[in-house]
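**Student:** I would like the atomic coordinates for the input below:
(2 chains)
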2 protein chains.
Amino acid sequence: MQDFMNQFQVDDPFFNRYLSLVKDVVIPYQEKVLKDEINVSEKSRAINNFELAAEKLTTGECSQEYYGMVFQDSDVAKWIEAVAYSLNAFPDKELETRCDTIIDLIGRAQWEDGYLNTYFTVKEPERRWTNLEEAHELYCAGHMMEAAVAYSEVTGKRKLLNIMCKMADHIYQHFIIDRAEGYPGHPEVELALIRMYEATSNENYKTLAMNFIDKRGADPGYYEKEKLRDDWAVRGVRNPPNLEYLLANEPVRDQKKAIGHAVRAVYLYSGMADVARHSNDATLKDACKTLWSSIVNQRMYVTGSIGSAYEGEAFTKDYHLPNDTAYSETCAAVGLIYLARRMLELWPSSEYADVMERALYNGVLPGMSLDGTKFFYVNPLEVTPGISGEAVTHKHALPERPNWFACACCPPNVARLIPSIGRYAWGQKRNTVYTHLFVGGTLDLTSSLRGKITLHSSLPYEGRVDYHFKPEEKTMSVNMAIRKPYWSEKMAVTLNNQKVDYQLEQGYAYISGAFSEEDVLAIIFDMDIRTVFANTKISSDSQKMVVQRGPLIYCAEGVDNDDDVLSLTIKKDGSKSVSWSGLLGGMAMIQCDGVRKELALDLYSFEGPEEKDTQINYIPYFMWANRGLNEMRVWIPYV
Amino acid sequence: MQDFMNQFQVDDPFFNRYLSLVKDVVIPYQEKVLKDEINVSEKSRAINNFELAAEKLTTGECSQEYYGMVFQDSDVAKWIEAVAYSLNAFPDKELETRCDTIIDLIGRAQWEDGYLNTYFTVKEPERRWTNLEEAHELYCAGHMMEAAVAYSEVTGKRKLLNIMCKMADHIYQHFIIDRAEGYPGHPEVELALIRMYEATSNENYKTLAMNFIDKRGADPGYYEKEKLRDDWAVRGVRNPPNLEYLLANEPVRDQKKAIGHAVRAVYLYSGMADVARHSNDATLKDACKTLWSSIVNQRMYVTGSIGSAYEGEAFTKDYHLPNDTAYSETCAAVGLIYLARRMLELWPSSEYADVMERALYNGVLPGMSLDGTKFFYVNPLEVTPGISGEAVTHKHALPERPNWFACACCPPNVARLIPSIGRYAWGQKRNTVYTHLFVGGTLDLTSSLRGKITLHSSLPYEGRVDYHFKPEEKTMSVNMAIRKPYWSEKMAVTLNNQKVDYQLEQGYAYISGAFSEEDVLAIIFDMDIRTVFANTKISSDSQKMVVQRGPLIYCAEGVDNDDDVLSLTIKKDGSKSVSWSGLLGGMAMIQCDGVRKELALDLYSFEGPEEKDTQINYIPYFMWANRGLNEMRVWIPYV
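**Tutor:** Got it, this is the predicted structure:
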């Protein structure tokens, strides 16, 4: 996979703010959290765990106990990965030095034989690889491999990569040479091993990834077996394995529905797509397509988020997409973006990029407050104060973002996605350059196409993007493959203000040319306010609609609507207008004609509610919950 | 409380069928289940447990282990109570003899000191009264007291009553004389003790009931204390007490919201109302009113069922009334009827009888299949095959009735309610005779008003009821207090076809007269099809409405609507008509103009759904799920 993460310098009015936020707020904030230098709602101790592991390996003793989740190491890994991507955009020697120090510490926490995991090192050194179901060893290893590749690509420093090669070699020894049974309870290492393979060309890492994927579900009794061998639990009592939750009920090629823990699912499918690409395995490609279709055609929220139930953080059943009790984990939307990007490598079709864009703006960005200090793990599409976060069925669906979590997977996942946005925005196959997402900045194609391409983007609020070219010589020959987004009916293309006719292939406009420095290739999208309707099998969305403009899904919050969203009804054919608002740092606000239907006195009444024409004020969904506790709805009934 | 259960002989076209069903099907069926004489989905062993307890008390040994829930005894108690009421309507010597045999067995399972409970006798004889939180001893005792009073009233046989007096005396000794701390985890015994007090005039029983109510929540730490003394669990591990669930977080007089386990709540409030009536305790009366209002004004389904969450089978938060994941336990609707009837004794206002009627037709009757062999524990207001009963969030909301439950509280609760309907239909204070529910039959007032009153009722499908009088002498002077139901705007009263003007007092029409055998007092209700709207704070019912006619809430099932209810929208001002249908044994079917809005291809679409005018076919909600698996909706979106 051609990876533009470090060949692309973001310069985009919308995303610049996010990149700066990640650099200035999120990364320093998370660093303090990981080092326990600030008081947040949940302690981390993740760095401390590495220190304890290093101490144990040096002295044989530990001065303190391990603290946190069994996968606490992965928080550090994801932070390092985020740092790497951020350093690519904003070189920062001090940060790099601090990160090097942590990498040195990680090195000291590694066993002679390559093994690396602070939970086992500190707490259960005799039990390595005995509880693949729960213990997240391969998951933590995978995240650290991703961090290692990223850090080496950006900084050129190979220390962490060497550490993780040693760990990967150890895993290869254990699972391939020593033929240990089993596969990870939480998939992740598969896609990470392919990153390692791409970075090092070591075929063993590809072999390992393929092995985990091929074994998965082929012996669905594996977890039961390991439990019988040693019935220890990471926490409390170990229940019989839930094979659907673990995506291990049948071989991956036989799985037809997206089931189980949503994050595990999309991480697994991403690894499958990676392996399928490198092995050109048709049955695995088909499996990816089937599972992709199961997600996006039956089990995905309009925001691109996935996971309908708190129980198991999981997919449930086709068309079961409750708005108020949604799980919709931020990490799962991140994982869906990973999967979509990998599907694009297999088939350059806009259906994948459309979902990637949907999930980015509407599934991932809402996971973080606009000031970068608070995070949503769960992203409901409807919130009612007094019920959300309070009713026993809604404990998970918080109406406001907390500042940290005991299970802190989501914040660093957002932090590592945003500065690596180039990877998702662009693609290349020989002389074809794909624009999957319209993120402004400069793409350095010197090594392949002998030039640079700069994109100026006014999205998501305005509908024009311009391409400028900087050939090393007079012109550069490029086949530009530009996605026509699903939300733009009438996308127009001009070259130097002359309309260019284009043919669509799988949703991409292909425009070939030898472009010079004077050329401006412009794409003009229609930014009409669109109304979105749901499949009538989705019970929660009956007779409701969503307002969308460009890639942004909108919502109505109480604070803009007289503190009462539940009694609002939108007029399907009423007037809808957009205006720039200075609120929330600036955004395109939408006003729609609506009717307020109020029945407040009785619980039930034979009299219909009082009706009064009103305006509904909509804001982009990713901006919700930045102004205190209040009602919010994405799907609003229409008349 | 004047109890008309055994002074009233039902003769009612609608309820006759139910009474016969209880006699011919439900009671024999449940008898076989309790005796394990038929194969159902869950074993009972309830009678066997009594045999084991008797064996243990005789020989000191048990040939088998105790089986079932800790409250398995209560299934037998409720069955005996149902038998008593049924014998009142249909004398049956053989059934009575079989019941006497069971009562003899119960007597043999009683300890010398009066204690009676098979779980403790067989399994934990040393641990009596040590786990009030979980162990349901007082709950089982309460149910058996209710059975004992009913059986003695109907048959004149006092054996079971004597057994339960001995048990009540034992409880009095333990909690009052020996001053044991604590109060029942599952309230029930309070209302049962008042029944015992009313039947025996033994003041100790009233004292006990008052004591349990006054102690409740006054020492919220009690359950923690008993757990500390002996941390044993009825099943698995004993969690820290959940005081909200147990309704023990504060003294009952301070409780402002209906919280916790819904059945426990309404049983407790019923006991509180009973005690308040006998003690004329103003603060307790106020507490009843506050809690009643919390239920019916914020936390009750339109069907009169209660309990919004599976977790804790509990009330949740104001206006949280999800239709598809409702708990709405049949027992809770039964309990709400108990409470409503007791509120009527405190304040003869139609608001209580209206709820009683709502819960009877729409909350309790759906709990049983039309053939009397299958039962719902949970009564959702919306069902989607493939999701209901299957998604992890919907496991409890079964789309079809099973034939029994491991926790079999609901079937016998229906069986004991139906044949005692007279108790709920009628009331009397001196010469005022209240009609709370319009159930046909003959009321024997010989002892008080020297005559009988017969009601002919055509409800719930037709809107006329006639009163006929049979005075012992020429006339009988009665002050008839006839409820004007909330669903009849224009209730008319005629005496011998002459219109009678009436004044309403608290929703009752008071018509005084000296009635002779020739007089016909007729009430004519308007039976218009009504549309019901929900308070706009109820998110699940936004822009939806319900169809109601008379006391019956209607629903649409797939089988009558081309197997697709989710895409149906009702026209608010469209035509609505009713016609008699032979389906399901005969009922008034309703047709409404609607629009089918179908969007079946995509998950989300910018194109609105295809719209096609259609007719929506509605059936009474209590009849749903009698024709196989299919979609069902009570609340349907309107345009």
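**Student:** near chain B, which residues of the stretch 501-639 of chain A show up?
**Tutor:** Residues of the stretch 501-639 of chain A found near chain B (Cβ under 8 Å from any Cβ of the partner chain) are A:530-539, A:542-546, A:564, A:566-567, A:569, A:572, A:597-609, A:637, A:639. (Glycine included, C-beta is placed from N, CA and C.)
**Student:** what's the following helix or strand after the worst-scoring helix or strand of chain A on mean pLDDT?
**Tutor:** Lowest on mean pLDDT, DSSP states H and E among the helices and strands of chain A sits helix A:410-417, with a mean of 87. Downstream of helix A:410-417, the next assigned helix or strand under DSSP states H and E is helix A:421-425.
**Student:** Check what contacts that following helix and list those residues.
**Tutor:** For helix A:421-425, the external contacting residues (Cβ atoms under 8 Å, 6 or more residues apart in numbering or on different chains) are A:3-10, A:15, A:337, A:341, A:356, A:360, A:435-439, A:441, A:443.
**Student:** Go ahead and report the secondary structure state at the closest residue in space to A:Ile259 that isn't next to it in sequence.
**Tutor:** Setting aside the residues directly before and after it, A:Ile259 is nearest to A:Glu244 in space (Cβ to Cβ, 6 or more residues apart in numbering or on different chains), at 5.0 Å. Assigned by DSSP: H, G, I helix; E, B strand; the rest coil, the conformation of A:Glu244 is coil.
**Student:** Quick check: pLDDT value at A:Glu244.
**Tutor:** Looking at A:Glu244, its pLDDT reads 95.
**Student:** Give the burial count for it, as a bare number.
**Tutor:** For A:Glu244, the count of nearby residues is 18 (other Cβ atoms under 10 Å in any protein chain shown).
**Student:** State the distance from it to A:Phe71.
**Tutor:** 21 Å (Cβ to Cβ, to the nearest Å).
**Student:** ok, now A:Ala326?
**Tutor:** 23 Å.
**Student:** what do you get for A:Glu351?
**Tutor:** Distance, A:Glu351 to A:Phe71, using Cβ to Cβ: 32 Å.
**Student:** Repeat that for A:Leu601.
**Tutor:** Counting by Cβ to Cβ, the gap from A:Leu601 to A:Phe71 is 51 Å.
**Student:** Check A:Ile306 too.
**Tutor:** Distance from A:Ile306 to A:Phe71, by Cβ to Cβ: 20 Å.
**Student:** Which one's more surrounded, the two?
**Tutor:** Comparing A:Ile306 with A:Phe71 by other Cβ under 10 Å, the one with more neighbours is A:Ile306, at 28 against 24.
**Student:** Now do the strands in the stretch 451-600 of chain A.
**Tutor:** Taking DSSP state E, counting those that start in this stretch as the criterion, the stretch 451-600 of chain A carries its strands at A:451-457, A:464-471, A:475-483, A:492-495, A:498-500, A:504-505, A:508-516, A:520-524, A:529-534, A:544-549, A:552-557, A:568-570, A:576-581, A:587-598.
**Student:** and those, which is most packed in?
**Tutor:** Sort the strands of the stretch 451-600 of chain A by mean neighbour count, taking mean count of other Cβ atoms under 10 Å in any protein chain shown, and strand A:552-557 sits at the top with a mean of 26.
**Student:** What strands flank that strand, and is each parallel or antiparallel?
**Tutor:** When pairing is defined by DSSP bridges, strand A:552-557 lines up against strand A:544-549 (antiparallel), strand A:610-620 (antiparallel), strand A:632-633 (antiparallel).
**Student:** any residues touching that strand, and which ones?
**Tutor:** By Cβ under 8 Å, 6+ apart, the residues outside strand A:552-557 that reach it are A:302-303, A:358, A:361-362, A:381, A:460, A:532, A:546-548, A:565, A:568, A:588, A:590, A:616-622, A:624-625, A:627, A:630-634, A:636.
**Student:** go again using 7 Å as the cut-off
**Tutor:** By Cβ atoms under 7 Å, 6 or more residues apart in numbering or on different chains, the surrounding residues in contact with strand A:552-557 are A:302-303, A:361-362, A:460, A:546-548, A:565, A:568, A:590, A:616-621, A:624, A:630-634, A:636.
**Student:** Hmm, A:Pro609 is touching B:Val532, no?
**Tutor:** No: applying Cβ atoms under 7 Å, one finds A:Pro609 not in contact with B:Val532, separated by 11.6 Å.
**Student:** Where does the prediction get shaky in the stretch 351-500 of chain A?
**Tutor:** Residue ranges of the stretch 351-500 of chain A with pLDDT under 70: A:404-408.
**Student:** 90 instead, please
**Tutor:** A:372-373, A:402-412, A:415 (pLDDT under 90).
**Student:** and it, which of its residues are near chain B?
**Tutor:** Within the stretch 351-500 of chain A, the residues that sit near chain B (Cβ under 7 Å from any Cβ of the partner chain) are A:382, A:384, A:386-387, A:390-393.
**Student:** Tell me which two in those residues are the farthest apart.
**Tutor:** Of all pairs drawn from these, the greatest distance, 17.3 Å, lies between A:Glu382 and A:Val392 (Cβ to Cβ).
**Student:** So which of the two has more stuff around it?
**Tutor:** Set side by side, A:Glu382 and A:Val392 show more neighbours around A:Glu382, with 24 against 17, by other Cβ under 10 Å.
**Student:** hang on, the earlier thing: take the residues of the stretch 351-500 of chain A next to chain B and keep only those in strands.
**Tutor:** Within these, residues falling in strands by DSSP state E are A:Glu382.
**Student:** From the chain's centre, how far out is the strand or helix carrying A:Ala359? Work that out for me.
**Tutor:** Assigned by DSSP H and E, A:Ala359 belongs to helix A:350-359. Here helix A:350-359 is found 12 Å from its chain centre; the criterion is Cα atoms, centre = their mean, to the nearest Å.
**Student:** Name the residues that touch it?
**Tutor:** Residues contacting helix A:350-359 (Cβ under 7 Å, 6+ apart): A:296, A:304-305, A:333, A:336-337, A:340-341, A:343-344, A:424, A:436-437, A:483-486, A:506-508, A:551.
**Student:** Now list the buried members of those residues.
**Tutor:** A:296, A:304-305, A:333, A:336-337, A:340-341, A:343-344, A:424, A:436-437, A:483-486, A:507-508, A:551 (16 or more other Cβ atoms under 10 Å in any protein chain shown).
**Student:** hang on, isn't the residue nearest to A:Ile259 packed against A:Lys257?
**Tutor:** No: A:Glu244 is not in contact with A:Lys257 according to Cβ under 7 Å; the separation is 9.6 Å.
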